[in-house]
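Undergrad: A structural model of the following input is requested.
(chains A and B)
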Amino acid sequence: MLINNNASTEFKREAISVSKDKNRSRRVKYAVFVLAMYVGFVGICAFAPHILSVQVFPSIPLSLLIGPGMITILMVVAVWDMFASKK
Amino acid sequence: MEPNRLTSSLFFLFFLLITVAITFWASRRNRSAGDFLVASGSLKAWQNGLAMSGEYMSAAALLGMTGLLATTGYNAYLYSIAAVTTWPLILFLLADPIRRLGRFTLTDVVSWRLRDKPVRIVAATASIPITLLYLIAQLVAGGILIKLLFGLPYTMAVVFVGILTLAYVLFGGMLATSWVQIIKAVMMHACMIILTLLILAQFGFNPFDLFRAVGSSGNAAMLAPTEMASLGQWDMISLAIAISCGAMGQPQILTRFFTVPDARTARKSAVYATGIVGTFHIMVLVVGFGAMALVGKDTILQAAGGGNMAVPLVARMLGGDTFLGIVCGVAFATVIAVIAGLTLATATTFAHDLWAKVVNADKEHQKTSLGVARAGAVVVALVAIGLALLFQHINIAFLIGLSQSITAAVNFPILILALFWRGLSTTGAVAGMVTGVVSSLTLIMLSPTVQVGLLQGDKAALANEWWYFPLSNPSIVCVPLALIVMVVVSLRTKEASAQEKFDEMQVVLNASDKTEYAATSH
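TA: Okay, here's the model as predicted:
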């Protein structure tokens, strides 16, 4: 569907109402999730770093799993959105 | 440390030959402003994803992040995570709207619903120093790096890099610049993968054994974040805000969304970039701690380059002089690619936002823009080379901190509020952007970055001064301040037309990917 930019707002709204998707609200939710995870991690690093010093395996602190784990989650969420957007 | 200059030079020559050939090919395709500034939206998602990650990951990521991790421990990894977190946020909040609403620059997106001229003047006036400061910092760092790695005199190195990148931009435009970024990103990633494998091979491909080796060498405390003295944690938070919000407003990165044909491809390219930046920063953990375990913290700190030589040192230890030469060649290519992207972004703002949309607002400007963009690139490159020669001894952290701080306090708030808050008015936007610039400039001038790092002041004595701002990065104050000013001023200067345009904008943003918009095609 091609919509000319000079068309009236009412026309555009009507034209697009049939295809209005929920992708935007889903992406905002994902962004809030990512932001919350990030703020939580920064908060722990800054104010309670001892939490990340807990050893989960012999001589391996939690920080070494949390760091790369967080990056992996961020990548998975991004890929997840790409597949969720397919339609 | 004397790198194998023959290998470095040969590897760099190889990069040079490929990129010059691409520039020649691209120069024959630059027929309009759209071709020159945004490659007429012709890039594929994977190409743009690689180009964006190449633009984002400078020599600071390859040498600086790994060096910092190898010498200071896990606290430095927070910045890696900040750098990666930015990308899903760009994907979810900005990629789609930017591609749908803009054509050449970020200001197109903001001015979509606000009064064009005042917003464009303020946003462009802020954007040019942002990219120019970053460009000067990269040129200074590049000059020092090349002097260190290749033994070339600083002046010659800066002039050579400046002229070479200008040639890429001038003749090849966005298409050539994108391919320079793509090749550089592939080379940098390949280099990190090889280095990671070489390091892991020393520990039976078991990363836990690598971390245990770090612990047994007396650095066990460095495997986790440590308590920070005084205001250290606030400085860390402020820098994390600057990195993540700053990247969400960097013009040279976000304008890359205009180089793809549609919003769907823009989102896909952000996914690719997230994957590339993410895997790179997972490898930073291995390479950083690998350098700490194998080379040693003290050796890295004692080498020339202020702790940035972790990667070259571990490369020489595990891959010999040949691999060290390759790493140095990659670092050189990285500097050149980032400078090319920054030169083009600054020239685009100058040509499109200021010249075409403000000075020649009423005229048919596309042809003028192409000529002006090229002229703008020449001016930008010459100014940057001149300033980089002048500021040879300036603190690079100051330049980058200032650039990041202004980006985070100006571009990030205006983009987020313009896209997500109906109540934003033109007056509010302008007031907030001016507040962001002024507060960033003022606070960084009063911070230890300038007062101690640049003016050699005594930190203890300064701490008693009422005007002294104790954090190195002011983003923790400037970003909320700019947001508050935008909201408060907008609430007091309601603008019906901006709200109506916001409603209209929702129609564009809610349209499905199959809906094509005449306004956003190149």
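Undergrad: list the contacts for residue B:471?
TA: B:231, B:234, B:235, B:238, B:447, B:448, B:477 (C-beta atoms under 8 Å, 6 or more residues apart in numbering or on different chains). Backbone N, C-alpha and C define where each C-beta goes, glycine included.
Undergrad: residue contacts, the residue found closest to the fourth one once you drop the neighbours it is linked to in the chain?
TA: In space, and not counting its chain neighbours, residue B:238 is closest to residue B:476: 3.8 Å by C-beta to C-beta, 6 or more residues apart in numbering or on different chains. For residue B:476, the contact set (C-beta under 8 Å, 6+ apart) comprises B:234, B:237, B:238, B:241.
Undergrad: list the buried residues for stretch B:153-163?
TA: Going by neighbour count (16 or more other C-beta atoms under 10 Å in any protein chain shown), the buried part of stretch B:153-163 is B:154, B:157, B:158, B:159, B:160, B:161, B:162.
Undergrad: any weak-confidence spans in the chain?
TA: Chain wasn't specified; assuming chain A. Residue ranges of chain A with pLDDT under 70: A:1-21, A:86-87.
Undergrad: wait, chain B
TA: In chain B, residues with pLDDT under 70: B:1-5, B:230, B:304-306, B:362-369, B:394-398, B:512-522.
Undergrad: for it, which residue is closest to the average position?
TA: With distances taken as C-alpha atoms, centre = their mean, the residue of chain B nearest its centroid is residue B:56 (4.6 Å).
Undergrad: after the helix or strand where residue B:180 lies, next one along is what?
TA: Element membership for residue B:180, per DSSP states H and E: helix B:173-201. The helix or strand immediately downstream of helix B:173-201 is helix B:207-214, counting by DSSP H and E.
Undergrad: helices of the stretch 401-522 of chain B, residue ranges please.
TA: B:426-445, B:448-451, B:459-462, B:475-492, B:496-510 (DSSP state H, counting those that start in this stretch).
Undergrad: so which bits of the last one are buried?
TA: Of the residues in helix B:496-510, those with enough neighbours to count as buried (16+ other C-beta under 10 Å) are B:498, B:501, B:502, B:504, B:505, B:506, B:507, B:508, B:509, B:510.
Undergrad: returning to what we had before: among the contacts of residue B:476, which ones are buried?
TA: By 16+ other C-beta under 10 Å, those give B:237, B:238, B:241 as buried.
Undergrad: going by contacts, tell me the helices and strands next to the helix or strand hosting the first one.
TA: Going back to what we said before, that points to residue B:237. Element membership for residue B:237 (DSSP H and E) is helix B:232-247. Secondary-structure packing of helix B:232-247 (3 or more C-beta pairs under 8 Å, 6 or more residues apart in numbering or on different chains; DSSP states H and E): helix A:23-47, helix B:77-89, helix B:396-420, helix B:475-492.
Undergrad: work out the gap between that helix and the centre of the chain.
TA: Counting by C-alpha atoms, centre = their mean, to the nearest Å, helix B:232-247 is centred 15 Å from the centre of its parent chain.
Undergrad: ok, residues contacting it?
TA: Under C-beta under 8 Å, 6+ apart, the answer for helix B:232-247 is A:38, A:42, A:45-47, B:56, B:75, B:78-79, B:82-83, B:85-86, B:89-90, B:228, B:253, B:401, B:403-405, B:407-408, B:412, B:471-477, B:479.
Undergrad: how much space between residue B:460 and chain A?
TA: Note on residue B:460: its distance to chain A, by C-beta to the nearest C-beta, to the nearest Å, is 24 Å.
Undergrad: ok, back up a step: in CSV: the buried residues of helix B:496-510, plus distance to residue B:29.
TA: CSV is the format used below for the buried residues of helix B:496-510 (distance: C-beta to C-beta, whole Å):
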residue, distance to residue B:29
B:498, 38
B:501, 35
B:502, 37
B:504, 35
B:505, 33
B:506, 36
B:507, 34
B:508, 29
B:509, 31
B:510, 34
